[in-house]
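1. Provided below are the primary sequence and the corresponding predicted coordinates.
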Amino acid sequence: MEAEVGIVGAGAAGGVLALELARRGIRVVVLESGPRHDFARRGEYVRRYLRHENPWQTVPRNLDRYTVGGPVAYQLEGRRARGVGGSTLHWEGYALRLHESDFRLHSRYGIADDWPISYPDLEKYYAAAERMLGVAGTADEPWASPRSTPFPLPAFPLSYSDKLFAPACRSLGIGLHHLPQARNSLPYDGRAQCRACATCQVCPTGAKASVDLAQIPQAEATGNAQVVAEATALRLELSRSGEVRAVVYARRDRAEQRLTARVFVLAGGAVENARLLLLSTSRESPAGLANGSGLVGKFFTSHPAIDVVGRAREQVYPYRIGFSTAMSRQFAIERDRATEGAFLLEFLNSAGPAPDRIAVASGLSGEALRRRVREEFGHWLGIRVYAEQLPDRVNAISLNPRVRDSFGSLAPHIHYSLGAYERRALDEAKRISGRILATLGLSDIRSTGLSFAAHQIGTHRMGGDPRTSVVDVNLRAHDVSNLYLVGSGCFVTASASPPTLTIAALAIRAAEHIAARLRPAGASEPAAPAR
Amino acid sequence: MRFTRRRLLVGVAAALGLDPLSLPGWLGGRGRVSAVHIAQAAGPAPLAGLELGDLIAFAEVLLEGRTFSARERAALVDYIEERARDGSGYYTGLYRTTVGLLNRLAGGRFSRLDVAKRAALLMRYHLVSSDVRPGEPLGPLPEQARAVRTQTVPDLIGGYYRSAAGWAVVEYSTFPGRCGDLARYTGPEP
């Protein structure tokens, strides 16, 4: 199999990149390890989701094998999805731009590192990503960085519970504003309007942006893109000149096949991108491909999270929608981030247990059971906190030499920990959230245990210096001139915001760079790859 | 799975629509058989109508303490049938184990008892509770009773309270999995 650009991974980064290249007449082949999840089966997936099963579970399961170590066990189950669409299959759809300060932690606060690009560099790509995904929002966030364009779709109105939170926040001097999201508040780009099915991790209407429903079919419709599902990349093969010559991959029959191309892009997520590089050893690069810095897999970060909940006397009507509509970015921006960690507050539209959980936990039956469900349901309000984690070299993806996946490839090993910076931020977030809930007059205020967002970040960070980064400002590997690494793995710092919109913006920017390289202005024939 | 005479006989019984637990012990119907073993042995033969009726009769006492309305019954039948289609045979086996136990304790078809008698029987054997205390006596068929209490009871309660019938208890007509009016979430329920 041959292409101009070979892409590994059909998720947010790979799908967006494939579309951007295919639209420019560049022939791309996308290898996706997981299947095409048939949209016609979403009803069945919804029922599984409602039974608290993971409908996106990888089959065979041992294709997803991994191990964990370190003080905190970061689990990947339910935090990534393998399939055409990648993690956009199950994401929440929250589509925030990073703040301009998020790119400058070192120069502004003397912590971590700066990105090699700034918010103004990325702004027009954010606007393009918002148009592509269909982001609903309104410019009511006091801390938002400047925008060149309005949101493509009107915001989802604040919920009943948001309207309870708003005056409490106001009295405490806390700003509550709309949460931008890649979900159709109106029909958009051939996809339906949201119908409040309240199962957003399996959207049965297609209203939530998901690259399997939009970008991938649009790319295929150009005639320039081919997506090969259930094709797992095993390693990258180098030419004598030190460029990638082929991706070696296998399908269910485990027979090795090769995809050759002029340019290769890894878009398999922060864990799998790093793993594939580390699996691609050679005499010239015994520590893994593109790993001259020794940083492939290092600086793995996520967003530690907690919920703070409290019980209301009155009914607050949860579970009528599957996403949150309000947030506060105040504590991610307005502070001395040298000493105070950044965190977001997400005001939950569904806190507390649903009827099935209440019923099962009650130990009751018959009329007493019914009475308990009626009494207990709908009285909880909650705030979810996402904290910024600073990159730490010790947090890393490596290969476990003793564990292999279903193709016989070494499984990834995740070493993960949290530092004092993050723990202080979570403690402060708990206090602030508790004050908001107390102002509302809630009782039984408590926080849940530590959790993590489904965001895997770092592992092939971008930068200008090949000694301290893996990819350059265009996401090209410093060490391999025809290899690009896209996705949240290239983030230098995590911010407190969900990464997907930035992943898409960076993918659009990388596509522009790759296209310019393959099709220089005025060139009628494909240009030779840069050396 | 190891092939044994007991598995063969239990499988044949299931295929014939018989209650595997009603077989004599030497034919594999008694003894300390774990729920998992029963589930596997029962195989994928679909639940018979009578079995479904017994299971619904159990759920009526468990969930409402009265006979289901047509809507409540339909909601639970949908759930049970979907579970039984899961391909592994696990839930078919679990449900069949449950029906077998109920019929054994009732001395006939459980569903033929009126609600009060069903409730009395279930209370007597503590079969509407999902908790099992350490050392708690579980009646004449302890492994089956344990499976019913720890697996069937929470499964049926969860399935029912995720359905339209369960959400109706809290007066929601649309709920997770049933799409509806997008503006509804912005105000209180009518």
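-> That came in fine, so what should we check first? Numbering: from 1, shown residues only, chains lettered A, B, ... in the order given.
2. contacts and neighbour counts: CA atoms only from here.
-> Fine.
3. Spell out which parts of chain B neighbour chain A.
-> Proximity of chain B to chain A, by CA under 8 Å from any CA of the partner chain, involves residues B:60-66, B:128-131, B:154, B:157-162, B:166-167, B:169-170, B:174-182, B:184-189.
4. Tell me which of these fall in helices.
-> B:154, B:157, B:158, B:159, B:160, B:161, B:166, B:167, B:169 (DSSP state H).
5. for the first one, what are its contacts?
-> With contacts defined as CA atoms under 8 Å, 6 or more residues apart in numbering or on different chains, residue B:154 is in contact with A:360, B:130.
6. The helix or strand encompassing residue A:278: how far from the chain's middle?
-> Residue A:278 belongs to helix A:269-279 when assigned by DSSP states H and E. Chain-centre distance of helix A:269-279: 16 Å, with CA atoms, centre = their mean, to the nearest Å.
7. Then stretch B:182-190?
-> On CA atoms, centre = their mean, the centre of stretch B:182-190 falls 36 Å from the chain's centre.
8. tell me the average confidence for that stretch?
-> Across stretch B:182-190, pLDDT averages out at 94.
9. Could you do stretch A:393-407 as well?
-> pLDDT averaged over stretch A:393-407 gives 97.
10. and if you look at stretch A:450-460?
-> 96.
11. The longest helix anywhere in chain B vs helix B:153-161, what angle?
-> Secondary structure of chain B per DSSP H: the longest helix is helix B:90-106. Calculated by axes from the mean of the first three to the mean of the last three CA atoms, to 10 degrees, helix B:90-106 forms an angle of 110 degrees with helix B:153-161.
12. quick one: contacts of the helix or strand following helix B:90-106?
-> Counting by DSSP H and E, the next helix or strand C-terminal to helix B:90-106 is helix B:115-124. Residues outside helix B:115-124 that contact it (CA under 8 Å, 6+ apart): B:57, B:58, B:61, B:65, B:66, B:67, B:105, B:106, B:110, B:128.
13. The helix or strand following helix B:115-124 - contacts with which helices or strands?
-> Scanning forward in sequence from helix B:115-124 by DSSP H and E, the next helix or strand is helix B:142-147. Other helices and strands packing on helix B:142-147, by 3 or more CA pairs under 8 Å, 6 or more residues apart in numbering or on different chains; DSSP states H and E, are helix B:35-42, helix B:90-106.
14. okay, helix B:142-147 in PDB with CA atoms only?
-> C-alpha atoms of helix B:142-147 as PDB (Å, rounded to 0.1, in the frame of the first residue of the first chain):
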ATOM      1  CA  PRO B 142     -27.600 -22.100  49.000                       C
ATOM      2  CA  GLU B 143     -25.500 -21.600  45.900                       C
ATOM      3  CA  GLN B 144     -28.500 -20.900  43.800                       C
ATOM      4  CA  ALA B 145     -29.900 -18.600  46.500                       C
ATOM      5  CA  ARG B 146     -26.600 -16.700  46.700                       C
ATOM      6  CA  ALA B 147     -26.600 -16.300  42.900                       C
END
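15. Would you mind listing what in chain A touches chain B?
-> A:46-47, A:50-51, A:157-160, A:194-199, A:316-317, A:319-322, A:355-357, A:359-360, A:363-367, A:369-370, A:373-374, A:377.
16. Mind giving me the PyMOL command for buried ones among those?
-> A single PyMOL command selects the buried members of those (16 or more other CA atoms under 10 Å in any protein chain shown):
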select buried, chain A and resi 46+47+50+157+158+159+160+194+195+196+197+198+199+316+317+319+320+321+322+355+356+357+359+360+364+365+366+369+370+373+374+377
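17. Among the residues of chain A next to chain B, which lie within helices?
-> Short answer: the residues of chain A next to chain B in helices (DSSP H) are A:46-47, A:50, A:160, A:355-357, A:359-360, A:366-367, A:369-370, A:373-374.
18. re the thing from before, quick one: which of the helices and strands packed on helix B:142-147 has the weakest pLDDT on average?
-> helix B:35-42 - the lowest mean pLDDT of those, at a mean of 47.
19. which residue sits closest to residue A:125, ignoring its sequence neighbours?
-> residue A:505 (4.8 Å; CA to CA, 6 or more residues apart in numbering or on different chains).
20. contacting residues for the one you found?
-> A:122, A:125, A:126, A:128, A:129.
21. any idea how far the third one is from residue A:62?
-> When you say that, I think you mean residue A:126. As judged by CA to CA, to the nearest Å, residue A:126 and residue A:62 stand 36 Å apart.
22. remind me which residues of the chain are low pLDDT?
-> Going with chain A. A:522-531 (pLDDT under 70).
23. my bad, chain B
-> B:1-44.
24. If we use 80, what do you get?
-> B:1-44, B:87 (pLDDT under 80).
25. Name the surrounding residues that touch stretch A:121-141.
-> A:95, A:97, A:147-156, A:176-185, A:188-189, A:209-210, A:329, A:501-502, A:504-506, A:508-509.
26. what helix or strand does the residue nearest to residue A:125 sit in?
-> With DSSP H and E as the test, residue A:505 turns up in helix A:500-518.
27. And residue A:258, by the same measure?
-> strand A:256-260.
28. next one: residue A:479
-> Counting by DSSP H and E, residue A:479 is part of no helix or strand.
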